[in-house]
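Student: Could you work out the structure for the sequence below:
(one chain, ligands or ions: 1)
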Amino acid sequence: MNFDIADSKLADLGRQRIAWADSRMPVMASIRERFAKERPFEGVTFGACMHVTTETANLLRALKAGGANVAICASNPLSTQDDVAASLVRDEGVAVFAIKGEDDETYYRHMDAVIDEGPNLTMDDGCDLVSRLHTGRSDKIADVIAGTEETTTGVIRLRAMEKDGALRYPIVAVNDADTKHMFDNRYGTGQSTLDGVIRATNMLLAGKKVVVAGYGYCGKGVASRARGMGAQVYVTEVDPLRALEAVMDGFRVVPMSEAAREGDLFITVTGDRDVLRREHFEVMKDGAILANSGHFDIEIDLKALAELAHGERRRAVRPFVEEFLLDGERRVMVVAEGRLVNLGAAEGHPADVMDMSFANQALAAEWAMQQASSLQPIVYDVPADIDKEIARLKLDTMGVEIDRLTPEQEAYLSSWTVGT
Ligand code: ADE
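Tutor: Now for the predicted structure:
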């Protein structure tokens, strides 16, 4: 089996941590057990481009149990957990091409190595693998039946491909399932982003001014968790509806030009570029800390920041924290190179919430396989019954019971004749 990982000797630690995550992913465990009996992926090769974490390892274990061959590369150069990569190779027979901190050249070489394995199904997080298959590596696209996409940024790119008529095989937008974005994006990103900032900086959030750029599900999660830890939270937005929601949720909504002067900690979660840029760096306070939790490292204009620090006035001050000295006096710190801070400086979302995201991945992949012959090369939603079933299973595993409609209530909801 082909692979390229940092250190095979880390496999024992990886195995132990994968087992810990498994114990917190009961929905995935039940899917894995069914897959082991039914073998829906017998002979199928998956090419995955995802964060190589303990949670992803449990998703891949389920695919393997279902009979699949699996190859994976990282969906971010900084998010790989090298111990997990080692265990996946040794214990699960997964072809892993991922090393934490790999440079861009290696990142794409690893992606090509996954494509070389001839995937029939792609599992992407950010659309880099799909994009590569459609551009530089279309030699292998004929083997691909369908794919799944994990994240908001990836779904946006895929919809742009669909609109341009460029998409060549069907892809299920896992991100858009309710049991994914309403939980993973909000509670997962909310907690893990602050986890990353705190692990990297050991800063106290109570009493700090925290600026959250973007009030989508991820921004909502980060803002609410920061407030819960005693921070004064400012929100910046470009969308009037989201801005209004943030105001009514009790946050101060201001333009970034104003927030930039005030903030102690800035967290970008917009999915767009240059959210923090030169004009903002120029007015920031000494000691301001900048972190990004959007998919790509484009939200903080690091080039402009480096220019303001005249190239040489930057240094590592802690693991995953770099200090830039501006005007010879103000220090601005960047966490995790402006890459996804929750995966770069911490462990990503907790297993408890990835349980639902990855249940969607596993069931969406099974659905796409079964339906492949009738699907068009467009972006599909996860079928609503799969989404509901995952919510039901998760509640079951949490020991939470809910009510059922009485026959009278059901009849009432489907009638239009009954009024006052
Ligand atoms: N995305 C966010 N958190 C993650 C995790 N723990 N594993 C895989 N992908 C993730």
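
Student: Check the offset of stretch 234-245 from the chain's centre.
Tutor: Its chain's C-alpha centre and that of stretch 234-245 lie 22 Å apart, by C-alpha atoms, centre = their mean, to the nearest Å.

Student: Can you give the contact residues for it?
Tutor: If you take C-beta atoms under 8 Å, 6 or more residues apart in numbering as the criterion, stretch 234-245 is touched by 209-216, 219, 223, 246, 251-256, 259, 262-263, 270, 275. Just so you know, the C-beta spots here come from the backbone N, C-alpha and C atoms, and that holds for glycine as well.

Student: Separate out the buried members of the residues you listed.
Tutor: Buried subset of these (neighbour count, 16 or more other C-beta atoms under 10 Å): 209-216, 219, 223, 246, 251-254, 256, 259, 262-263, 270, 275.

Student: Of these, which belong to helices?
Tutor: If you go by DSSP state H, these have 219, 223, 246, 256, 259, 262 in helices.

Student: Rebuild those residues as TSV, extending it with distance to residue 78.
Tutor: Below are these laid out as TSV (distance: C-beta to C-beta, whole Å):
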residue	distance to residue 78
219	21
223	24
246	29
256	25
259	26
262	29
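
Student: what's the most distant pair in these?
Tutor: The largest separation in those, counting by C-beta to C-beta, is between 219 and 262 at 17.5 Å.

Student: tell me, which of the buried ones among the contacts of stretch 234-245 make contact with the ligand?
Tutor: When C-beta under 6 Å from any ligand atom is applied, no member of these is adjacent to the ligand.

Student: and the stretch 301-420 of the chain, which of its residues are near the ligand?
Tutor: Proximity of the stretch 301-420 of the chain to the ligand, by C-beta under 6 Å from any ligand atom, involves residues 343, 348, 349, 354.

Student: hmm, 8 Å instead?
Tutor: Residues of the stretch 301-420 of the chain lying close to the ligand (C-beta under 8 Å from any ligand atom) are 340, 342, 343, 347, 348, 349, 350, 351, 354, 357, 358.

Student: Specify the local secondary structure of the fifth one.
Tutor: When classified by DSSP: H, G, I helix; E, B strand; the rest coil, residue 348 comes out as coil.

Student: That one against residue 193, yeah?
Tutor: No. Residue 348 lies out of contact with residue 193 (C-beta atoms under 8 Å); the separation is 10.1 Å.

Student: These two: who's more crowded?
Tutor: Shown here are residue 348 and residue 193; by other C-beta atoms under 10 Å, residue 193 has more neighbours (29 against 24).

Student: from the stretch 201-350 of the chain, which residue is nearest to the ligand?
Tutor: residue 348 (2.8 Å; C-beta to the nearest ligand atom).

Student: Please name the residues that touch that residue.
Tutor: For residue 348, the contacting residues are 51, 53, 55, 79, 188, 192, 342, 354, by C-beta under 8 Å, 6+ apart.

Student: Make a markdown table from those and add neighbour count, secondary structure and pLDDT to it.
Tutor: Output for those, formatted as a markdown table (neighbours: other C-beta atoms under 10 Å; DSSP: H, G, I helix; E, B strand; the rest coil; pLDDT from 0 to 100):
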| residue | neighbour count | secondary structure | pLDDT |
| --- | --- | --- | --- |
| 51 | 27 | coil | 97 |
| 53 | 24 | coil | 98 |
| 55 | 29 | helix | 98 |
| 79 | 23 | coil | 94 |
| 188 | 25 | helix | 98 |
| 192 | 27 | helix | 98 |
| 342 | 29 | helix | 97 |
| 354 | 28 | helix | 98 |
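
Student: show me where pLDDT drops low in this protein?
Tutor: Scanning the chain for pLDDT under 70 picks out the ranges 311.

Student: show me the contacts for the residue nearest the centre of it.
Tutor: A centroid search over the chain (C-alpha atoms, centre = their mean) returns residue 151, at 5.5 Å, as the residue closest to the centre. Applying C-beta under 8 Å, 6+ apart to residue 151 gives the contacts 125, 126, 175, 295.

Student: Stretch 280-293 vs the ligand: in contact?
Tutor: No. If you take C-beta under 8 Å from any ligand atom as the test, stretch 280-293 misses the ligand, and the best it gets is 9.4 Å.

Student: Using PDB, write out the CA atom coordinates for that stretch.
Tutor: What follows is stretch 280-293 as a C-alpha-only set of coordinates in PDB (Å, rounded to 0.1, in the frame of the first residue of the first chain):
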ATOM      1  CA  HIS A 280      -7.300  47.700   9.900                       C
ATOM      2  CA  PHE A 281      -3.800  46.600  10.900                       C
ATOM      3  CA  GLU A 282      -2.800  50.300  10.900                       C
ATOM      4  CA  VAL A 283      -5.100  51.200  13.700                       C
ATOM      5  CA  MET A 284      -5.000  48.000  15.800                       C
ATOM      6  CA  LYS A 285      -4.000  48.100  19.500                       C
ATOM      7  CA  ASP A 286      -0.600  46.800  20.700                       C
ATOM      8  CA  GLY A 287      -1.000  43.100  21.400                       C
ATOM      9  CA  ALA A 288      -4.000  42.500  19.200                       C
ATOM     10  CA  ILE A 289      -4.400  38.800  18.400                       C
ATOM     11  CA  LEU A 290      -5.700  37.700  15.000                       C
ATOM     12  CA  ALA A 291      -7.100  34.200  14.200                       C
ATOM     13  CA  ASN A 292      -9.100  32.700  11.300                       C
ATOM     14  CA  SER A 293     -11.600  29.900  11.400                       C
END
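
Student: correct me, but residue 177 touches residue 382?
Tutor: Yes. At 4.0 Å, residue 177 and residue 382 qualify as touching, with contact defined as C-beta under 8 Å.

Student: With neighbour numbers in mind, choose between these two.
Tutor: Taking neighbours as other C-beta under 10 Å, residue 177 and residue 382 compare with residue 177 leading, 28 against 24.
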